[in-house]
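Student: Quick one: sequence and predicted model below, then my questions.
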Amino acid sequence: MAPWQDAWQRIRARLRGEFGDAAFDSWLKPLSLLRAESNKVLIAVPTRFMCDWVKTHYLGRIADYWRQETGAAIDVELVVNVQASQPAPAVATPVPVKSARPRQGGDNNGEEIDAPVESYGAPLDPRFTFDSFVVGKSNELAHAAARRVACNAKVQFNPLFLYGGVGLGKTHLMHAIAAEIKARTPERRVLYLSAEKFMYQFIRAIRFQDTMAFKEQFRSVDVLMIDDVQFIAHKDATQEEFFHTFNAVVDHNRQVIISADRSPSDLEGIEDRIKSRLGWGLVADIHPTDYELRLGILQSKLEMIGRIDMPNEVTEFLARKIVSNVRELEGALNRVTAYSDLVGRPVTLEMAQEVLQDLIRSNDRRVSISEIQRHVAEYFNVRLSDLLSARRARAVARPRQVAMYLSKQLTSRSLPEIGRKFGGRDHTTVMHAVRRIEELRETDSGLDQDIENLRRTLEN
Ligand code: ADP
Ligand code: MG
């Protein structure tokens with residue numbers, strides 16, 4: 001299979017080159033090579049909807065590339081295989097595949113080495129502005145700090161360090177700052193690039209013995225923005241250069257803005273002096289979204305694409321189910337609208353559920369035992385400490401059994417692990433509780449309903 005896998009990797013690279021990052025990440029990245037025979041390859045697709053989409057839009061090219069790569073007449077067959085690829089892709093706008101958004105930091109493979117040498121910076125995505133950024137509790141600090149830096153030519157804190165998990169809006173805010181500064185004060189020189197691109201520029205400069213020009217570029221800017229700085233972890237020479245560049249810019253009292261996926265002190269593989277220096281200005285974090293923010297983002301996107309006819313139950317369903325990050329939320333929305341366009345029917349809840357099966361599965365929340373204990377105690381109005389104690393009074397013993405039962409049902413913990421979480425009980429006690437509740441559910445409809453209620457709140 002190895003030569004086939006190699007060919008498949010090359011084909012994937014060519015598909016990315018041809019269709020662009022956004023379309024590739026949405027539709028092609030989730031495909032995996034399942035089996036290869038002398039004149040036939042089987043490619044797995046995670047959902048039926050994606051399978052239809054890939055078939056109509058990309059199958060022809062995929063087959064062409066297989067023929068070119070192997071020099072043989074190869075049939076390509078797509079099969080729906082939910083196990084094939086997870087987690088589900090982040091889907092970007094699927095339709096205008098050729099005009100994919102400009103490349104951003106983080107997901108390129110080093111092609112930048114061949115980019116023209118004048119372009120030290122990276123292009124800005126015109127959609128990433130303050131206007132299109134929806135503010136909620138989880139991002140208000142980062143947003144306020146970003147606005148302050150963008151609207152105020154005086155350097156107040158240096159650097160501004162934005163951090164948060166993937167897909168939560170760091171790059172969006174960075175681009176928004178850059179666009180705002182350029183609009184307000186076109187004479188100020190703003191340089192935005194990913195840490196990855198910084199590294200490739202640096203390597204290239206060394207290779208072409210051009211480090212003077214490289215240093216010059218960075219040291220003559222008014223605002224230096226470096227996205228995803230975690231990328232330079234364990235890359236010592238690049239870190240060294242980054243540190244000097246950073247210091248030179250800050251020493252000239254020019255603004256530096258950095259983003260990363262974690263706080264300065266948590267950046268592993270980065271030298272201590274750099275970590276400490278990164279934390280000197282203002283450090284603002286972006287937390288995972290909450291339900292209201294997700295709903296707000298969906299509404300704003302729907303207005304932007306002119307789809308305000310989307311039923312509320314669908315947007316609420318998306319906001320409730322796609323909790324991982326905003327990129328995936330947008331992807332889910334795009335997938336649903338693309339599907340409705342494709343089949344020419346209005347969006348319904350059933351359609352959304354069908355089209356997003358894989359995403360929903362990967363977003364299913366993991367419930368913890370302590371959450372279960374807390375909810376059960378509250379529901380039956382007993383104290384949490386009693387639930388975990390050795391008390392055998394019926395009023396606490398039954399809720400305790402329910403909590404053990406739910407822990408078995410809703411988590412992947414073993415019986416001994418569950419026992420330990422319940423005040424160090426033996427696994428046989430847990431087993432007994434699980435059996436007892438199973439029996440009672442058959443005969444006691446009140447208890448059965450209680451457990452259903454609990455399960456529903458815990459899983460939402
Ligand atoms: P990160 O850089 O943190 O991984 P991005 O900035 O690339 O994330 O955001 C991912 C996607 O989610 C982008 O399309 C962005 O526009 C969108 N997004 C993130 N946060 C928000 C928000 N608060 N309002 C509107 N769109 C958002
Ligand atoms: Mg980013």
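Tutor: Cool, got the structure. Residues are numbered from 1 along each chain as shown. Ligands and ions are numbered 1, 2, ... in the order given.

Student: what's the offset of stretch 309-328 from the middle of its chain?
Tutor: 15 Å (C-alpha atoms, centre = their mean, to the nearest Å).

Student: could you dump that stretch to CSV, C-alpha only?
Tutor: Extracted in CSV, the C-alpha atoms of stretch 309-328 (Å, rounded to 0.1, in the frame of the first residue of the first chain):
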residue,chain,number,x,y,z
ASP,A,309,-34.9,33.0,6.2
MET,A,310,-33.1,30.3,8.2
PRO,A,311,-35.5,28.9,10.7
ASN,A,312,-34.7,29.7,14.3
GLU,A,313,-34.8,26.1,15.4
VAL,A,314,-31.9,25.4,12.9
THR,A,315,-29.7,28.2,14.2
GLU,A,316,-30.4,27.2,17.8
PHE,A,317,-29.6,23.7,16.9
LEU,A,318,-26.3,24.7,15.4
ALA,A,319,-25.4,27.0,18.4
ARG,A,320,-26.2,24.2,20.8
LYS,A,321,-24.4,21.4,19.0
ILE,A,322,-21.3,22.9,17.4
VAL,A,323,-19.4,24.1,20.4
SER,A,324,-15.9,23.4,19.4
ASN,A,325,-15.0,26.7,17.8
VAL,A,326,-16.2,29.4,15.5
ARG,A,327,-14.5,28.1,12.4
GLU,A,328,-16.4,24.8,12.7
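
Student: what comes up buried for that stretch?
Tutor: By 16 or more other C-beta atoms under 10 Å, the buried positions in stretch 309-328 come out as 310, 314-315, 317-319, 321-328. Just so you know, the C-beta spots here come from the backbone N, C-alpha and C atoms, and that holds for glycine as well.

Student: now stretch 192-205
Tutor: Of the residues in stretch 192-205, 192-205 count as buried by neighbour count, 16+ other C-beta under 10 Å.

Student: Ends of stretch 245-260, what's the gap?
Tutor: This stretch, stretch 245-260, spans 17 Å end to end (C-alpha to C-alpha, to the nearest Å).

Student: List the contacts of it.
Tutor: Residues from elsewhere that reach stretch 245-260 (C-beta atoms under 8 Å, 6 or more residues apart in numbering): 149, 155, 158-163, 170-171, 173-174, 177, 215, 218-219, 221-230, 267, 274, 277-278, 281.

Student: so does that stretch get close to ligand 2?
Tutor: No: using C-beta under 5 Å from the ion, stretch 245-260 stays clear of ligand 2, with a minimum separation of 6.8 Å.

Student: Neighbours of the closest residue to ligand 1 within the stretch 1-150 of the chain, how many?
Tutor: Per C-beta to the nearest ligand atom, Val134 is where the stretch 1-150 of the chain lies closest to ligand 1, at 3.7 Å. Val134: 20 surrounding residues under other C-beta atoms under 10 Å.

Student: list the contacts for the closest residue to Arg10 other than its chain neighbours?
Tutor: Residue nearest to Arg10 in three dimensions, not counting chain neighbours: Glu69, with 6.0 Å by C-beta to C-beta, 6 or more residues apart in numbering. Residues in contact with Glu69, defined by C-beta under 8 Å, 6+ apart, are 7, 10-11.

Student: any chance of the residues you listed in TSV, with secondary structure too?
Tutor: Listed next are those as TSV, based on DSSP: H, G, I helix; E, B strand; the rest coil:
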residue	secondary structure
Ala7	helix
Arg10	helix
Ile11	helix
